[in-house]
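Engineer: Have a look at this fold, sequence not included:
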């Protein structure tokens, strides 16, 4: 096997896989290094106990928080990265998200590149990841010149009823844009040949049928089948990047694989390990020319970590909810604010409400439920599941220099202080209020197990911001091409580059940016 390649991509999640997929037709020799293996296809893929209670597919790692406590990050090291267990909600950042936005918790900075630059790449990203949706329903969606590639996933009866009730009180619910390999009948059922069967194990589960549009299914597998110039090495942990004497070029990718030390070289290197892991890679690649970490002369690598203010709640109601595939509806009416909560400059943004996968009995058994339920002699887990609807709420997390990941004495530390918690609390109040308004009053129970017992820290879903891009090398790690200011042949294409995160799921923006950077690298190759 040749040791030198035209391009090395580190990480096979959405940022790495999309970029490699875009460049594979060039015929250039591309090496993809993935620290994990393929996620096993087995019955436990659909087991709520295995996935959520036992954490079977989560990385066995322990980090240290700012108070010296231990946290186990909810990371997944597999081909396809964390997208193997993501919810496949594929939103564009709102056009206003690229501008400066004032929040109750502080300032969300403007991006140096605006929405118009990303728009055509969002179009391509939606095609690549089979996004189903309906233009014009979402009142905050940014402009697009093309319809969604696939029709929206149809609501089941109870979700359709909720949508109608919300519309009747003046809100604008819309079909959630989903990356899914689903062929629907006119009634919304899966066709006999559809890969996805609209089961209850979609959001947060690995898909046993490969019906979820993740990075492995949509990019890695078809790319390897079609292009023999692309090589994927699994079980390949990149321990560090070496540079030449000038410090301006990566000249060695050091890999630990099968108990052996290996070195690969390439004209161009792309880090796409996820915002946390890419920052750690740069930090442990410190050398004489880069004493604080590779490309870290600004001391910004690992800083400005963001991950959304998130809450997953189970709304327990009087009526029975027999919905199987529940993740089809979202609400953005309060995304940029509500008149009943405002500052001197106007309403403060709250965030996004979207439906979540149906609660499973084993999940509820594993939850830390409120003490007031403990008096029941036999916890009615099945009844709680039957009488609930599940919602994912997220508000914008704001960048902060001291929210960071770093090494200390060889151990990984993750420091985090919440920057915008009141927005999430207000959004939860809005959910409860609107359910009461439509005649479905509910008790909201936290589904903390979904994101880990300690959601704010261990829940590393939606990680972003640790190597932000910008025009000033003193305050950013990457230039506008997502190339390191200080290293001429190193790019980063996961969510590390985000200056802000908005309040929508970040994956589609990761993919769109990876396709944008791929076009830049193609010219260089």
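Structural biologist: Okay, I see it. Small disclaimer: the values here were computed from a predicted structure and weren't measured.

Engineer: now the helices for the stretch 401-525 of the chain?
Structural biologist: Assigned by DSSP state H, counting those that start in this stretch, the stretch 401-525 of the chain shows helices spanning 421-437, 455-458, 507-524.

Engineer: Report the separation between residue 38 and residue 502.
Structural biologist: In this view, residue 38 and residue 502 are 32 Å apart by CB to CB, to the nearest Å. C-beta here means a position set from N, CA and C on the backbone, and glycine is covered the same way.

Engineer: er, residue 477 I mean
Structural biologist: 20 Å.

Engineer: okay, the helices of the stretch 401-525 of the chain, which one's buried deepest?
Structural biologist: Highest mean neighbour count of these: helix 507-524, a mean of 23 (counted as mean count of other CB atoms under 10 Å).

Engineer: Give the full set of residues in contact with the closest residue to residue 208 other than its chain neighbours.
Structural biologist: Closest residue to residue 208 apart from its sequence neighbours, by CB to CB, 6 or more residues apart in numbering: residue 45 at 4.2 Å. Residues near residue 45 by CB atoms under 8 Å, 6 or more residues apart in numbering: 39, 51, 201, 205, 206, 207, 208.

Engineer: what's the farthest-apart pair in those residues?
Structural biologist: The largest separation in those, counting by CB to CB, is between 39 and 201 at 13.9 Å.

Engineer: More neighbours: the two, which one.
Structural biologist: residue 201 (22 against 19; other CB atoms under 10 Å).

Engineer: measure the more buried one to residue 209 for me?
Structural biologist: 10 Å.

Engineer: Could you do residue 269 as well?
Structural biologist: Here the distance between residue 269 and residue 209 works out to 35 Å (CB to CB).

Engineer: Have a look at the two and say which one is more surrounded.
Structural biologist: Between residue 269 and residue 209, counted using other CB under 10 Å, residue 269 has the larger neighbour count: 27 against 16.

Engineer: so the more buried one, which of the three states?
Structural biologist: When classified by DSSP: H, G, I helix; E, B strand; the rest coil, residue 269 comes out as strand.

Engineer: Looks like it contacts residue 493 (just checking).
Structural biologist: No - using CB atoms under 8 Å, residue 269 is not in contact with residue 493; the gap is 11.1 Å.

Engineer: Just the helices from this structure, written as ranges.
Structural biologist: With helices called from DSSP state H, the chain shows them at 14-23, 48, 115-128, 157-168, 215, 221-226, 275-283, 361-366, 381-386, 421-437, 455-458, 507-524.

Engineer: Give me the pLDDT value at residue 382.
Structural biologist: Residue 382 is assigned 74 on the pLDDT scale.

Engineer: Let me know how buried it is, in neighbour terms.
Structural biologist: For residue 382, the count of nearby residues is 12 (other CB under 10 Å).

Engineer: Could you check how far it is from residue 389?
Structural biologist: 16 Å.

Engineer: returning to what we had before: which one of the contacts of residue 45 is nearest to residue 347?
Structural biologist: Of the contacts of residue 45, the one sitting nearest to residue 347 (CB to CB) turns out to be residue 205, at 36.5 Å.

Engineer: quick one: contacts for that closest one?
Structural biologist: 45, 46, 48, 51, 85, 357.

Engineer: Run through the protein and note the low-pLDDT ranges.
Structural biologist: Regions of the chain meeting the criterion pLDDT under 70 cover residues 1-2, 361-381, 448-460.

Engineer: For it, which residue occupies the most central location?
Structural biologist: For the chain, the residue nearest the mean C-alpha position is residue 462 (3.8 Å; CA atoms, centre = their mean).

Engineer: What's the separation between the residue lying closest to it once chain neighbours are set aside and residue 205?
Structural biologist: Once flanking residues are discounted, residue 462 sits nearest to residue 308: 4.6 Å by CB to CB, 6+ apart. Look at residue 308 and residue 205: by CB to CB, they are 20 Å apart.

Engineer: separation between the residue nearest to the centre of the chain and residue 162?
Structural biologist: 25 Å.

Engineer: Same check on residue 272?
Structural biologist: 38 Å.

Engineer: Same drill for those two, tell me which one is more crowded.
Structural biologist: residue 272 (31 against 22).

Engineer: which one is the more buried one nearest to, not counting chain neighbours?
Structural biologist: residue 16 (3.2 Å).

Engineer: OK, contacts around residue 331?
Structural biologist: Neighbours of residue 331 in contact, by CB under 8 Å, 6+ apart: 166, 171, 172, 173, 174, 352, 353, 354.

Engineer: run the last query once more with 10 Å
Structural biologist: The contact partners of residue 331, taken as CB atoms under 10 Å, 6 or more residues apart in numbering, are 138-139, 162-163, 166, 171-174, 176, 352-355, 391, 393, 427, 430-431, 434.

Engineer: again with residue 479
Structural biologist: Contact analysis of residue 479 by CB under 10 Å, 6+ apart lists 112, 469, 470, 471, 472, 473, 485, 491, 497.

Engineer: close enough to count as contact, the first one and residue 482?
Structural biologist: No - the pair residue 112 and residue 482 does not pass the contact test of CB atoms under 10 Å, sitting 11.3 Å apart.

Engineer: Between the two, which contacts overlap?
Structural biologist: Jointly contacting residue 112 and residue 482 under the rule CB under 10 Å, 6+ apart are residue 469.

Engineer: Overlap of the contact sets of residue 201 and residue 209?
Structural biologist: 45, 46.

Engineer: give me the number of residues near the nearest residue to residue 463 once chain neighbours are set aside?
Structural biologist: Spatial nearest neighbour of residue 463, chain neighbours left out: residue 275 (4.2 Å); criterion: CB to CB, 6+ apart. Neighbourhood size, residue 275 [other CB under 10 Å]: 32.

Engineer: State the distance from residue 275 to residue 343.
Structural biologist: Counting by CB to CB, the gap from residue 275 to residue 343 is 29 Å.

Engineer: Need the helices of the stretch 401-525 of the chain in TSV (columns: distance to residue 57).
Structural biologist: Listed next are the helices of the stretch 401-525 of the chain as TSV, based on distance: least, CB to CB, whole Å:
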stretch	distance to residue 57
helix 421-437	27
helix 455-458	15
helix 507-524	18
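
Engineer: That'll do, ta.
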